[in-house]
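Enquirer: Need the 3D shape of this:
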Amino acid sequence: MQTSKLPKAGLFALAVLFFGTPLSRASESLPVVDSGNTSWVLAASALVLFMTMPGLALFYGGLVRGRNVLSVMAQCTGIACMGSLLWVAGLYSLSFKGDGGWIGNLDAAFLKNLTNSSVAPGTTVPETAFVMFQMTFAVITPGLYVGAVVERMKFGAILLFSALWLALVYAPVCHWVWGGGWLADMGVKDLAGGIVVHATAGTSALVLVLLLGKRRGFPQHPHPPHNPGMVFVGAAMLWVGWFGFNAGSQLSAGGSAGMTMLVTHLSACSAALVWSLLERIRNGKVGLIGMVTGLIAGLATITPASGDVGPLGGIVIGAISAVVCYFCVSLIREKLHIDDSLDVFAVHGVGGILGTLLVAVFGQQAFGGLGLVKPLFEQLGVQATGVGVTILWSAVATLIIAQLVKAVIGLRVSEEQESEGLDRSEHGETAYPMEP
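Expert: Residues are numbered from 1 along each chain as shown. Purely as a prediction, here's the structure:
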């Protein structure tokens, strides 16, 4: 005897009667955490923090004179600790919560209502992991402009400046680009921080340098790196950590992260070799400091484009970055005699801006890109708008913050402290006991 078939509607009714809402429909409304993606984001967070301490601290520390190496490390450490606490207190919420075009809200101040089961919107990773990952970006960004003001800015001044800078520059720009703000709505492309990290920090570095003035003896007397080996070790750590910086920004452990990591590496390699070639042509020698400076320029420039370009684009962007940043260093240091001590604007600022614009070109399928961008000139207009507004905002805000800090506690150490070195005068310590 053939049994009669129950209509689908009847099956659904029975399922609701015995089990409540069917599991398939219930699961559609619940955010899903992917363990693989979560593992990658956690690892990437550690890599980005590794870039700041010890990577950036060693890189900058080796580039200054021996009497100031500890002061640079102290500044990187102080900013990392302070920035982390401020991120939790309210900066994360201002950056990623709310639907305002210009700034977020404080609904998640001190991470209230955040639980182990919270999932970051639009992702498959816990919000705790997302908070931590983005915190490492907020920590390293103000650390970048430390390199422009080494050997002459007060420790307290740089901490107070950085606290205000994170609130008035970093958090708004982060919201514009990554938090669903007005630049995101325009379609700006910035995977890992050409605008949010490098354009903001680079612009602020240049403004701070102009306000502080030159180090004693510059440019008549050179201020050579005291430990090129330390510079190399720091640069190598930055190179490795940058994979978390860029590929981690995909927030997934898949093909996109793989391509991003690949083009990041290729850009760094291309830039290092082209920078070395330029040094060889100009000076007759290839310096280690120049090679790793080119490496960092390639990493900074590929950062905003790394989610949209292919391998060929990565190589070409790296080569272009080396040429442009090399001559910007020469222009700023040798022609204009601006004492951007460790070339922060010429490498990070110019590199980030350049990469933000080049994504409109090399993101096109015709140039080997992934084709995720708008038509070339339309995307270029969007990118230029994002860069222009960010430069203006960063410059004006930096000027205001610096003047406020100067009025409250002062910006620059005394001539006697500068001559003695900030390690002893500011921290009462010395990296090298025999250092005069």
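
Enquirer: contacts, neighbours, all on C-alpha from now
Expert: Noted.

Enquirer: how near is residue 42 to residue 236?
Expert: Counting by C-alpha to C-alpha, to the nearest Å, the gap from residue 42 to residue 236 is 21 Å.

Enquirer: typed the wrong thing, it's residue 98
Expert: Counting by C-alpha to C-alpha, the gap from residue 98 to residue 236 is 38 Å.

Enquirer: try residue 265
Expert: Counting by C-alpha to C-alpha, the gap from residue 265 to residue 236 is 12 Å.

Enquirer: How about the contacts made by residue 296?
Expert: 235, 238-239, 268, 347 (C-alpha atoms under 8 Å, 6 or more residues apart in numbering).

Enquirer: now, which of those residues lie within helices?
Expert: 235, 238-239, 268 (DSSP state H).

Enquirer: Show me which of the contacts of residue 296 is closest to residue 88.
Expert: Taking C-alpha to C-alpha as the measure, residue 88 sits nearest to residue 238 out of the contacts of residue 296, at 24.9 Å.

Enquirer: wait, that closest one sits on residue 57?
Expert: No. Between residue 238 and residue 57 there is no contact under C-alpha atoms under 8 Å: 10.1 Å.

Enquirer: Pretty sure residue 139 sits against residue 83.
Expert: Yes. The pair residue 139 / residue 83 is scored as a contact, 5.5 Å apart, by C-alpha under 8 Å.

Enquirer: quick one: pLDDT of residue 343?
Expert: Looking at residue 343, its pLDDT is 95.

Enquirer: Residue 123 too?
Expert: Reported pLDDT at residue 123 in the predicted model: 95.

Enquirer: can you pull the contacts of it?
Expert: Residues counted as contacts of residue 123 (C-alpha under 8 Å, 6+ apart) are residue 251.

Enquirer: One more: residue 139?
Expert: Contacts for residue 139 (C-alpha under 8 Å, 6+ apart) come out as 49, 52, 79-80, 83-84.

Enquirer: Could you do residue 66 as well?
Expert: By C-alpha under 8 Å, 6+ apart, the contact list for residue 66 reads 226-227, 431-432, 435.

Enquirer: try residue 98
Expert: Counting by C-alpha under 8 Å, 6+ apart, residue 98 touches 104-105, 107.

Enquirer: By neighbour count, which of the residues you listed wins?
Expert: Taking other C-alpha atoms under 10 Å to define a neighbour, the member of the contacts of residue 98 with the most is residue 104, carrying 26 neighbours.

Enquirer: Can you pull the phi/psi pair for it?
Expert: phi -80, psi -150 (degrees, to the nearest 10).

Enquirer: pLDDT value on residue 221, please?
Expert: For residue 221, pLDDT reads 81.

Enquirer: now whichever strand or helix holds residue 158, how far from the centre of its chain.
Expert: Element membership for residue 158, per DSSP states H and E: helix 155-165. How far helix 155-165 lies from its chain's middle: 18 Å, per C-alpha atoms, centre = their mean, to the nearest Å.

Enquirer: now the contacts of residue 296 in JSON lines, with pLDDT and distance to residue 259?
Expert: JSON lines is the format used below for the contacts of residue 296 (pLDDT from 0 to 100; distance: C-alpha to C-alpha, whole Å):
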{"residue": "235", "pLDDT": "98", "distance to residue 259": "22"}
{"residue": "238", "pLDDT": "98", "distance to residue 259": "19"}
{"residue": "239", "pLDDT": "98", "distance to residue 259": "16"}
{"residue": "268", "pLDDT": "98", "distance to residue 259": "14"}
{"residue": "347", "pLDDT": "98", "distance to residue 259": "24"}
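
Enquirer: what's the closest of those to residue 309?
Expert: Each of the contacts of residue 296 was scored against residue 309 by C-alpha to C-alpha, and residue 268 proved nearest at 14.3 Å.

Enquirer: neighbours of that closest one, just the number please.
Expert: 29.

Enquirer: Kindly report the same for residue 316.
Expert: The tally of other residues near residue 316 (other C-alpha under 10 Å) stands at 17.

Enquirer: Which helix or strand contains it?
Expert: Here residue 316 is assigned to helix 311-330, by DSSP H and E.

Enquirer: which of the residues in that helix are buried?
Expert: Going by neighbour count (16 or more other C-alpha atoms under 10 Å), the buried part of helix 311-330 is 311-326, 328-329.

Enquirer: Please pick the buried ones from the contacts of residue 66.
Expert: Listed as buried from these are 226-227; burial here means 16+ other C-alpha under 10 Å.

Enquirer: okay if I get the contacts of residue 66 as TSV plus distance to residue 148?
Expert: Formatted as TSV, the contacts of residue 66 follow (distance: C-alpha to C-alpha, whole Å):
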residue	distance to residue 148
226	17
227	18
431	21
432	23
435	23
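
Enquirer: of the contacts of residue 66, closest to residue 34?
Expert: residue 227 (44.1 Å).

Enquirer: Check which helix or strand the residue lying closest to the closest one once chain neighbours are set aside maps to.
Expert: Excluding the flanking residues, the one nearest residue 227 by C-alpha to C-alpha, 6 or more residues apart in numbering is residue 62, at 4.7 Å. Per DSSP H and E: residue 62 is located in helix 57-63.

Enquirer: Kindly export that helix (C-alpha atoms) in CSV.
Expert: Written as CSV, here are the backbone C-alpha positions of helix 57-63 (Å, rounded to 0.1, in the frame of the first residue of the first chain):
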residue,chain,number,x,y,z
ALA,A,57,61.5,50.5,18.7
LEU,A,58,64.6,48.7,17.4
PHE,A,59,64.4,50.2,13.9
TYR,A,60,64.1,53.8,15.2
GLY,A,61,66.5,53.1,18.1
GLY,A,62,69.3,52.0,15.8
LEU,A,63,68.9,55.1,13.7
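
Enquirer: quick one: average pLDDT of that helix?
Expert: 97.

Enquirer: buried sites along the helix or strand following it?
Expert: Sequence order places helix 69-86 as the next helix or strand after helix 57-63, per DSSP H and E. Buried residues in helix 69-86, defined by neighbour count with 16+ other C-alpha under 10 Å: 69-73, 75-80, 83-84, 86.

Enquirer: just those residues now: which is nearest residue 155?
Expert: Nearest to residue 155, judged by C-alpha to C-alpha, of these is residue 75 at 6.5 Å.
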